[in-house]
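A.B. asks: Provided below for reference: sequence and predicted model.
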Amino acid sequence: MEAAYSSGGFPLRASLVGPSLTTSSNASTNDSTLGENMNPNSILPLMLGNLDATTSFPLIIASISSLPGSIGLLPKLKILDVSGNKLNALPDSICQCRSLIELDVSFNSLLYLPTNFGNELGNLQRLSVYLNKLRSLPTSICKMRSLHFLDGHFNELRGLPDEIGRLANLEALNVRCNFSDMTELPESLCELINLKELDISNNQINALPDSFGRLDKLTKLNLDQNPLVVPPKEIVNQGVDAVKIFMANRWADKLAEEERKIMMEVNEVQGTG
């Protein structure tokens with residue numbers, strides 16, 4: 001485990017590699033090692049409890065199988081990296097870290113995210129949850145209006161929240177390699193007006209949402225290894241602009257057909273009145 005933060009005006013680094021914890025400060029050449037035979041999961045709560053709740057240091061934690069609830073005592077924490085551990089859940093108290101702008105929980109064994117995840121972490125800009133066992137993302141994630149980057153590849157996601165389009169500032173979305181679990185995308189995806197990069201490769205998606213052509217800022221699109229019918233393969237092979245034009249024309253034709261049907265129904269009613 002390694003954390004970098006400030007103590008008494010001096011940079012202080014704390015490293016936990018395997019069973020030992022070492023702290024050192026630029027203000028002193030004296031190093032101290034605590035609990036050489038202690039389990040990292042035992043040391044971490046003690047370490048977090050000694051940190052100043054008003055600091056906003058980056059925190060990188062390794063060699064743990066659980067994240068203690070005391071993480072919630074750091075409301076000013078801005079960057080948290082707990083990637084590459086053995087976590088199967090995050091404590092609900094992580095939602096109290098309301099100043100977080102970057103959170104990396106990738107390469108763990110997470111089965112779910114806290115229900116209130118998005119309700120509290122409104123300042124989050126980058127979220128990495130890839131290489132876990134997530135089957136869904138909490139609906140509350142759609143309230144993260146500051147989110148710019150979301151990476152959920154290599155999970156077991158069965159889809160995206162229906163209100164994903166509320167992430168108005170999202171610029172990059174990666175949900176590739178959810179394989180047979182992800183079969184469709186919500187129509188609200190097309191409301192991501194600032195989306196520039198989208199990777200949905202290696203899934204089982206057979207059609208893009210009807211109004212996909214509305215994604216004006218989209219410049220990078222990966223649709224590889226999907227059983228796509230709409231748009232057809234020959235359109236996909238022409239690139240992202242061709243896909244957007246095809247979907248926009250298809251959507252316009254569909255709207256025109258619906259309008260024609262409505263007019264026919266109105267005329268029939270007037271004719272029998």
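C.D. replies: On my side now, so go ahead. Numbers count the residues shown, from 1 in each chain.

A.B. asks: How many neighbouring residues does Cys95 have?
C.D. replies: Look at Cys95: counted by other Cβ atoms under 10 Å, it has 20 neighbours. C-beta: built from backbone N, CA, C; applies to glycine.

A.B. asks: thinking it is in contact with Phe117, fair?
C.D. replies: Yes. Counting by Cβ atoms under 8 Å, Cys95 sits close enough to Phe117 to count as a contact (6.3 Å).

A.B. asks: where along this structure do the strands fall?
C.D. replies: 2-7, 10-17, 20-25, 28-34, 58-60, 79-81, 102-104, 126-128, 149-151, 172-174, 197-199, 220-222 (DSSP state E).

A.B. asks: Quick check: closest non-adjacent residue to Leu87.
C.D. replies: Nearest residue to Leu87, sequence neighbours excluded (Cβ to Cβ, 6 or more residues apart in numbering): Asn108, at 4.2 Å.

A.B. asks: which residues sit in contact with that neighbour?
C.D. replies: By Cβ atoms under 8 Å, 6 or more residues apart in numbering, the contact set of Asn108 is 82-88, 131-132.

A.B. asks: Now do stretch 126-133, average pLDDT.
C.D. replies: Model confidence over stretch 126-133, given as mean pLDDT, is 98.

A.B. asks: same question but for stretch 206-217, I mixed them up
C.D. replies: Average pLDDT, stretch 206-217: 97.

A.B. asks: end to end, how far does that stretch reach?
C.D. replies: End-to-end span of stretch 206-217 (Cα to Cα, to the nearest Å): 23 Å.

A.B. asks: isn't Lys196 right up against Leu218?
C.D. replies: Yes. The criterion here is Cβ under 8 Å, and Lys196 meets it with Leu218 at 6.3 Å.

A.B. asks: neighbour-wise, which of those two wins?
C.D. replies: Applying other Cβ under 10 Å to Lys196 and Leu218 shows that Leu218 carries more neighbours, namely 22 against 16.

A.B. asks: how near is the more buried one to Tyr130?
C.D. replies: 21 Å (Cβ to Cβ, to the nearest Å).

A.B. asks: Show me what counts as buried in stretch 151-160.
C.D. replies: For stretch 151-160, the neighbour count (16 or more other Cβ atoms under 10 Å) marks 151-155, 157, 159-160 as buried.

A.B. asks: next one: stretch 126-135
C.D. replies: Applying 16+ other Cβ under 10 Å to stretch 126-135 flags 126-132, 134 as buried.

A.B. asks: What of stretch 184-204?
C.D. replies: For stretch 184-204, by 16+ other Cβ under 10 Å, it's 185, 188-192, 195-203.

A.B. asks: Ok, stretch 231-247 next?
C.D. replies: By neighbour count on 16+ other Cβ under 10 Å, the buried set for stretch 231-247 is 231, 235-236, 240, 243-244, 246-247.

A.B. asks: who's the spatially most central residue of the chain bridged to?
C.D. replies: For the chain, Leu150 is the residue whose C-alpha lies nearest the centre (Cα atoms, centre = their mean; 3.5 Å). Beta-bridge partners recorded for Leu150 (DSSP bridges): Leu127, Leu173.

A.B. asks: Quick check: it touching Asn169?
C.D. replies: No. With contact defined as Cβ under 8 Å, Leu150 does not count as touching Asn169 (10.9 Å).

A.B. asks: In contact with Leu111, which residues?
C.D. replies: 88-89, 132-135.

A.B. asks: Might you list the low-confidence residue ranges for the stretch 151-273 of the chain?
C.D. replies: For the stretch 151-273 of the chain, residues meeting the criterion pLDDT under 70 lie at 272-273.

A.B. asks: ok, and what's touching stretch 251-267?
C.D. replies: 210-213.

A.B. asks: Now stretch 121-135 - C-alpha only, CSV.
C.D. replies: Output in CSV follows, covering the C-alpha atoms of stretch 121-135 (Å, rounded to 0.1, in the frame of the first residue of the first chain):
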residue,chain,number,x,y,z
LEU,A,121,-20.0,11.3,-5.6
GLY,A,122,-21.2,14.2,-7.7
ASN,A,123,-17.7,15.6,-8.3
LEU,A,124,-16.3,12.4,-9.8
GLN,A,125,-14.7,13.0,-13.2
ARG,A,126,-13.0,9.6,-13.9
LEU,A,127,-14.3,6.2,-12.9
SER,A,128,-12.5,3.0,-13.7
VAL,A,129,-14.3,-0.2,-12.8
TYR,A,130,-12.9,-2.6,-15.5
LEU,A,131,-11.8,-6.1,-14.9
ASN,A,132,-14.3,-6.9,-12.2
LYS,A,133,-17.4,-9.1,-12.0
LEU,A,134,-20.1,-6.4,-12.1
ARG,A,135,-23.4,-7.4,-13.6
